[in-house]
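Q: just coords:
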């Protein structure tokens, strides 16, 4: 029952954001090194940055900083000088930014190769909309839970609006598990067809974006979310299975 309630809340968040963080129009340039993003899943301002990453088909190394967290919050404060989120770092350019509007503008103008789209110019409206959209998930992805940190960051193929991927990101945040966010927004009609239907129709699926191509080559299908744990060699799809797997890190800390 709790799983159904969680999924319903996540679906509501996606609906309230009217599909923001679904479509991808790949950036003209990709960074030399992975962006670093210190954030927490339940933060409405952080959500805006993740939506922009999906829209631009850009990846980032996520350092989860839930409330009362002790793993990455001190590092964020040390690097930037204050405890404020999101905190964005572009190591290749030596850029550090705090405000979500500034981060989104930087991503589009520096890597997108285009002017800031009209829907991102209404900053106050986007921030209010993100705050309202977060209400169905209440405190999910906000408060810290004990965990044993993995030696290497995990990898998660995700797009911001996916209600199933959101549940996984929330758990990763609560457990303070760093991960590489691999953006897999939809860019073609075929991306909207679920894997089971593609396979039943024997449809030769040819994704257009970098990470969707990589995931298809890796897993034989594109099913979101998809988790890779380089510490154990485990790779899996299906949010329920991923959540059960991540709870092993929680159990290891008790």
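A: Great, that's in hand. Predicted, not measured: the structure shown is a model, and the values here were computed from it.
Q: can I assume residue 168 is in contact with residue 225?
A: Yes: contact criterion C-beta atoms under 8 Å: residue 168 and residue 225 qualify, at 4.8 Å. For glycine as for every other residue, the C-beta is placed from the backbone atoms N, C-alpha and C.
Q: Which one of those two is surrounded by more residues?
A: A direct count of neighbours by other C-beta atoms under 10 Å for residue 168 and residue 225 places residue 168 higher, at 26 against 23.
Q: Pull the distance from the helix or strand hosting that one to the chain's centre.
A: Following DSSP states H and E, one finds residue 168 within helix 163-174. In this view, helix 163-174 has its centroid 8 Å away from the chain centroid, taken as C-alpha atoms, centre = their mean, to the nearest Å.
Q: and after it, which helix or strand comes next?
A: Following helix 163-174 in sequence, per DSSP H and E, is strand 179-183.
Q: hang on, the earlier thing: what touches both of residue 168 and residue 225?
A: 156, 158, 239, 242 (C-beta atoms under 8 Å, 6 or more residues apart in numbering).
Q: out of these, who has the most neighbours?
A: residue 158 leads the shared contacts of residue 168 and residue 225 on contacts (other C-beta under 10 Å) with 29 neighbours.
Q: What are the boundaries of the strands in the stretch 101-250 of the chain?
A: Counting by DSSP state E, counting those that start in this stretch, residue ranges of the strands within the stretch 101-250 of the chain are 154-158, 179-183, 226-229, 234-237.
Q: these two touch, right, residue 107 and residue 56?
A: Yes: between residue 107 and residue 56 there is a contact under C-beta under 8 Å: 5.8 Å.
Q: Now for these two: what residues contact both?
A: Contact criterion C-beta under 8 Å, 6+ apart; residues shared by residue 107 and residue 56: residue 27.
Q: For the strands of the stretch 101-250 of the chain, give me TSV that also has mean pLDDT and distance to residue 136.
A: Output for these, formatted as TSV (pLDDT from 0 to 100; distance: least, C-beta to C-beta, whole Å):
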stretch	mean pLDDT	distance to residue 136
strand 154-158	98	19
strand 179-183	98	22
strand 226-229	98	24
strand 234-237	97	24
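Q: And these: which comes nearest residue 200?
A: strand 234-237 (17.0 Å; C-beta to C-beta).
Q: Which neighbouring elements make contact with that closest one?
A: Counting contacts by 3 or more C-beta pairs under 8 Å, 6 or more residues apart in numbering; DSSP states H and E, strand 234-237 packs against helix 210-219, strand 226-229, helix 239-252.
Q: Report the contact partners of residue 23.
A: 54-55, 185-187.
Q: Only whichever of those are buried, select them in ChimeraX.
A: Remark: buried members of these, expressed as a ChimeraX selection using 16 or more other C-beta atoms under 10 Å:
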select :54,55,185,186,187
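Q: between the contacts of residue 23, which is closest to residue 197?
A: residue 186 (14.7 Å).
Q: That closest one contacts residue 25, correct?
A: No: counting by C-beta under 8 Å, residue 186 stays clear of residue 25, with 10.4 Å between them.
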